[in-house]
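> 3D model of this:
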Amino acid sequence: MLVAAGAGVVWDDLVAWCVGRNWGGLENLSHIPGNVGAAPVQNIGAYGVEVKDLIVKVEGFYIDTLKPFLLPNSACAFEYRGSVFKRALKGKVLITRVFFSLSTTPEPNTNYGLVEQELQNHPDRSIQSVRQAIIAIRTQKLPDPAKIGNAGSFFKNPVVEAGLLEKIRADYPDIPVYQTDVASLFKLPAAFLIDKCGWKGVRKGRVGVHDTQPLVLVAFEGATGQEVLDLSIEIQNSVNEKFGVSLQHEVQVV
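Model (predicted):
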């Protein structure tokens, strides 16, 4: 099933619309704030799914010439939380439509994080239940941007080599680890590292770290972008000092 959505469509409205028709693929990306046009830029992902695996092509135009483009998935240079729209084409194009390949015989993906556990509170294992489970998890863990300023996950989950992983495991054997496409590289949860550095729930003036999800930085009334950035640098330095891991921003700093 090929689904085309305008860039201005609210992302979660699209997910709800597709799940309501039992078209599978997007359900694990439920409750992510933002619009459809931002999805390929960031290669949004959550709970074991990245949007790059569902995008067929991206349509738009060049800002300076108004010349249209239609890029197939292979030309989008997707990577973890990145794409050609975030690098070579940054600031040069506007995305107008995104095309997705969805399944009419969906097979739920429930092997990541707390999804399987949360599904026990739902009547079945349909993609409708998966969507509700994802929404429940995100609501419990993440602050509502409409209530308190935040940009969602502020840092990327770092990828480390086997040697560094073993050093970290020696002190923290319970650290969650995810295999990457490269046998010798492993993805670690940035939230775990930040938490073990004592940042969860810390407030510094008008900015702070969320008290249930340390991957999220929050801005209280009157906070400036510089204050948020300064806090993020403090966190990066402490994680690097304690674990030898360099955290990278997932957000774009303007």
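
> any idea of the pLDDT on the residue nearest to K242 when sequence neighbours are not counted?
Counting by C-beta to C-beta, 6 or more residues apart in numbering, C197 is the residue found nearest to K242 once chain neighbours are left out, at 5.5 Å. Where you see a C-beta, it was placed from the backbone N, CA and C, and this is true even at glycine. C197 is assigned a predicted lDDT (pLDDT) of 98.

> tell me the contacts of C197?
235, 238-239, 242 (C-beta atoms under 8 Å, 6 or more residues apart in numbering).

> Assess the claim that N73 and L54 are in contact.
No. Counting by C-beta atoms under 8 Å, N73 does not reach L54; the two are 9.2 Å apart.

> returning to what we had before: please flag which of the contacts of C197 sit within helices.
When DSSP state H defines the helices, the subset of these inside them is 235, 238-239, 242.

> still on that earlier bit, could you check how far the residue nearest to K242 is from V239?
Note on C197: its distance to V239, by C-beta to C-beta, to the nearest Å, is 6 Å.

> Buried members of the contacts of C197 into ChimeraX, please.
Of the contacts of C197, the buried ones can be selected in ChimeraX as follows, counting by 16 or more other C-beta atoms under 10 Å:
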select :235,238,239
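
> In three-state terms, how would the closest residue to P123 other than its chain neighbours be classified?
Excluding the flanking residues, the one nearest P123 by C-beta to C-beta, 6+ apart is S129, at 6.7 Å. The three-state assignment at S129 reads helix, by DSSP: H, G, I helix; E, B strand; the rest coil.

> Now do S129 against S83, distance only.
Taking C-beta to C-beta, one finds S129 at 31 Å from S83.

> quick one, strands of the stretch 1-150 of the chain?
When assigned using DSSP state E, counting those that start in this stretch, the strands of the stretch 1-150 of the chain occupy the ranges 2-6, 45-46, 49-50, 55-62, 68-72, 93-101, 149-153.

> quick one: which of the ones you listed is nearest I32?
Of all the strands of the stretch 1-150 of the chain, strand 45-46 sits nearest to I32, with 6.4 Å by C-beta to C-beta.
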